[in-house]
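**Student:** Return atomic coordinates for the entry below.
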Amino acid sequence: MSATGHVETPPPTTGRAVTIWGMAVNLALAGVKIAAGVVFSCQTILADGLHSLTDLASDLAVLASLKWGDLPADTSHPYGHRRVHTLVAMFVGLALLGASAMIGYRAVASLSSATVGAIMGPVPLALAMLTVPVKELLFRVTRRAGHQANNPAVLANAWHHRSDAFTSLGASAGIAGAMFGGEKWQMLDGLTAAVLAAFLLVAAIKIIISACNELTDRAPAKAQVARLSKVIQQTQGVRNFHAVRARKLGGKVEMDLHILVDPNLTVEAGHSIASAVRKRILAADNSVQQVIVHIEPDANEG
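**Tutor:** This next block holds a predicted model:
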């Protein structure tokens, strides 16, 4: 807080820095929770630990994308390397999908087992409860960094952190019920793990669909295109426009369009109008990284 009493805005957090911090946290949580799950015969905390382990793998993938995805265009990749971010987001989604399948399998196996191991001691419950605020904080910081960079890989990793927070919240409830409800409630441990697996499945599918939309060049949201179309129309010298195309590329937007101008203008004047359109679009939306403007004479002149 500043001397005037206003809350100061925290400095921007880079995707690389927040990912490294997340990797360190995931490594510590995975090791402790997996060990606790084995020692205390707790399926839920073991599943939670395995999920943290998949987070570690996604952290490494995101670090790789941050190194290669922001490289400038070259002769081999004339449109740049931002597709790397999309591919890594897809990988994170698939890793989450695999984690949900593994957790679901172990949960079903636990529920169908003839004997359900007792959950001994408060350690698994304490670990699950501690994970919730830690992972929620990581989610918020990582999401902020992802939005600042418009990076789908970092944003996907943020939701991986939040899924850990939610699963740990559910794990806490499951472990508490199994611990304090007596022998008849011991099945709640495996049942909760199954519910958590279903939640992870939904989160994974959303991430995968988003990555697929980018890889197939799906247009941005209609509201965003409409807002940018208004910017084009209001640019001085533009009589009309058409053939507006836009696509998402590694979290950024690339677009091209045709504008109609006075056919009596000089080439230089027409080029100035096209430059003005490009600058206004880039200023209006920081998610747009490239705009190609084609100039056409207004056929309705006269």
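
**Student:** show me what contacts the residue nearest to Thr142 when sequence neighbours are not counted?
**Tutor:** Excluding the flanking residues, the one nearest Thr142 by CB to CB, 6 or more residues apart in numbering is Ala158, at 3.8 Å. Backbone N, C-alpha and C define where each C-beta goes, glycine included. Counting by CB atoms under 8 Å, 6 or more residues apart in numbering, Ala158 makes contact with Leu138, Phe139, Thr142, Arg143, Ala145, Gly146.

**Student:** I figured the first one was touching Thr19, is that so?
**Tutor:** No - using CB atoms under 8 Å as the test, Leu138 is too far from Thr19 to be in contact (9.9 Å).

**Student:** List phi and psi for the residue nearest to Thr142.
**Tutor:** Dihedral pair for Ala158: phi -60, psi -50, per degrees, to the nearest 10.

**Student:** Model confidence at it, what's the number?
**Tutor:** Per-residue pLDDT puts Ala158 at 86.

**Student:** so how far is Ala203 from it?
**Tutor:** Counting by CB to CB, to the nearest Å, the separation of Ala158 from Ala203 is 11 Å.

**Student:** for Phe180, same thing?
**Tutor:** Look at Phe180 and Ala203: by CB to CB, they are 29 Å apart.

**Student:** same thing with Leu60?
**Tutor:** Distance from Leu60 to Ala203, counting by CB to CB: 19 Å.

**Student:** now Thr216
**Tutor:** Applying CB to CB, the value for Thr216 to Ala203 is 21 Å.

**Student:** ok, back up a step: among the contacts of Ala158, which lie within helices?
**Tutor:** The helices, defined by DSSP state H, take in Leu138, Phe139, Thr142, Arg143, Ala145, Gly146 from those.

**Student:** what's around the first one, how many residues?
**Tutor:** So the one you mean is Leu138. The local packing of Leu138 (other CB atoms under 10 Å) involves 24 other residues.

**Student:** Equivalent analysis for the fourth one, please.
**Tutor:** Other residues within reach of Arg143 by the criterion other CB under 10 Å amount to 18.

**Student:** Skipping its backbone neighbours, what lies nearest it in space?
**Tutor:** Using CB to CB, 6+ apart and skipping the chain neighbours, the partner closest in space to Arg143 is Ala158 (3.9 Å).

**Student:** which residues does His294 contact?
**Tutor:** His294 touches Ala243, Asp256, Leu257, His258, Ile259, Ala274, counting by CB under 8 Å, 6+ apart.

**Student:** make it 6 Å
**Tutor:** His258 (CB atoms under 6 Å, 6 or more residues apart in numbering).

**Student:** helix/strand/coil for it?
**Tutor:** Per DSSP: H, G, I helix; E, B strand; the rest coil, the secondary structure class of His294 is strand.

**Student:** Could you do Lys248 as well?
**Tutor:** When classified by three-state DSSP, Lys248 comes out as strand.

**Student:** Which residues are in contact with it?
**Tutor:** Glu214, Pro220.

**Student:** Could I get the pLDDT score of it?
**Tutor:** Reported pLDDT for Lys248: 87.

**Student:** neighbour-wise, which of Leu60 and Ala203 wins?
**Tutor:** Ala203 (21 against 12).

**Student:** sec struct for that one, please.
**Tutor:** What three-state DSSP gives for Ala203 is helix.

**Student:** The closest residue in space to it that isn't next to it in sequence: how many residues sit nearby?
**Tutor:** Excluding the flanking residues, the one nearest Ala203 by CB to CB, 6+ apart is Ser163, at 4.9 Å. Using other CB under 10 Å, Ser163 has 25 neighbouring residues.
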